[in-house]
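Visitor: got a sequence here, can you build the structure:
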Amino acid sequence: MVDPADAIEKARAAVTERAELPGMSLMEHLEELRKRIIHSAAYLAVGFFVAFYFREKIFAFMQIPLDKLHLPVTNKLNYMHPMDPMNYYLYASLIGGAILAAPFILYQVWLFIAPGLYQREKRFVVPFMAATIGLFLAGASFGYFFVLPGALKVLIVGFGSRFNPVITVEDYTNFFLSVILGLGISFELPILIFFLAMFGLVSPRFLWKNIRYAVLIVFLVAAIITPSPDPWTMCIYAVPMLALYVVGIAVAWWVHPDRRRKKEKAAAAA
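Guide: From the prediction side, this is the model:
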């Protein structure tokens, strides 16, 4: 037999958790935002100086896919303006510093939105941090080890075999970062769905019902960001994104408010 006192206590806990969150005025929100931006900028600055100290190692790391092509001409990158080499180091250090500081910046983002979350929702901070960083690194690694070498081989060794490549620092840096950051950011799709579902903006049923439109959008995005014109490279971009969309549906089912309400009602009725 269910203990009435225990049932009352469970119901009271559920009601307490769903009690109205403490409100914040507009000025308090702006002050909190300013605080988080200052902290994030400080972490970014530290990451930038650390990355700039290792700028030569970062340069060597970025040029490995190009070196592996063994071009008949020198693999040294060219530049057209005296400022280009310095701009390269600064730009690469900024991106590298942002990646190094990402865990700390993401934590500041979480601290900013945490006051608007219920107590049970705040427990997602560790999975959120781990998944965000892990997915970005997975996407960036996929781009670095598979997509970028394949694209360079197709574009330079394949289509450009009858021409002499003159690759500038600026062009190669932009190409490298468009692949690495593009895939790293696209792999964050489950995180986007996580927040949309947690706040009730989308539901698992909605995501599954409109999966055909998701397939179309994913292939359109892949066609835009793919560095190579052949359909195989586009599929290499699109297939992981579609798999992550399916993962996002499972994440939406896990965090959607309707599921949590059912669990609370079941707990209160037990």
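Visitor: spatially, and excluding backbone neighbours, which residue is closest to Val109.
Guide: Excluding the flanking residues, the one nearest Val109 by C-beta to C-beta, 6 or more residues apart in numbering is Arg36, at 7.2 Å. In this view, the C-beta of every residue, glycine as well, is placed from N, C-alpha and C.
Visitor: just the element for that neighbour, please.
Guide: helix 26-53 (DSSP states H and E).
Visitor: now find how far off-centre that helix is within its chain.
Guide: Relative to its chain's centre, helix 26-53 lies at 19 Å (C-alpha atoms, centre = their mean, to the nearest Å).
Visitor: would you mark the buried spots in that helix?
Guide: Using 16 or more other C-beta atoms under 10 Å as the burial criterion, the residues of helix 26-53 that qualify are Arg36, His39, Ser40, Tyr43, Leu44, Gly47, Phe48, Ala51, Phe52.
Visitor: show me what that helix is packed against.
Guide: helix 84-113 (3 or more C-beta pairs under 8 Å, 6 or more residues apart in numbering; DSSP states H and E).
Visitor: what residues sit buried inside the helix it packs on?
Guide: Buried-residue list, helix 84-113, by 16+ other C-beta under 10 Å: 88-89, 92-93, 95-102, 105-108, 110, 112.
Visitor: same question for stretch 187-207.
Guide: So stretch 187-207, judged by 16+ other C-beta under 10 Å, has buried residues 187-191, 193-194, 196-198, 202-204, 207.
Visitor: quick one: which of these sit in helices?
Guide: Leu189, Pro190, Ile191, Ile193, Phe194, Leu196, Ala197, Met198, Pro204, Leu207 (DSSP state H).
Visitor: now the last one, nearest residue through space, not along the chain?
Guide: Counting by C-beta to C-beta, 6+ apart, Leu207 lies nearest to Ile249, which is 4.8 Å off, once chain neighbours are set aside.
Visitor: contacts only, for the one you found.
Guide: Neighbouring residues of Ile249 by C-beta atoms under 8 Å, 6 or more residues apart in numbering: Ile193, Pro204, Leu207, Trp208.
Visitor: which residue is the nearest non-sequential neighbour of the first one?
Guide: Here the nearest residue to Ile193 in space, its sequence neighbours aside, is Gly248; by C-beta to C-beta, 6+ apart that works out to 3.4 Å.
Visitor: ok, that neighbour touching Phe194?
Guide: Yes - counting by C-beta atoms under 8 Å, Phe194 is a contact partner of Gly248 at 7.4 Å.
Visitor: now the common contact residues for these two.
Guide: Common neighbours of Gly248 and Phe194 (C-beta under 8 Å, 6+ apart) do not exist.
Visitor: what residues sit buried inside whichever strand or helix holds Tyr172?
Guide: Assigned by DSSP H and E, Tyr172 falls within helix 169-186. Within helix 169-186, the residues scored as buried using 16+ other C-beta under 10 Å are 169-170, 172-173, 175-177, 179-184, 186.
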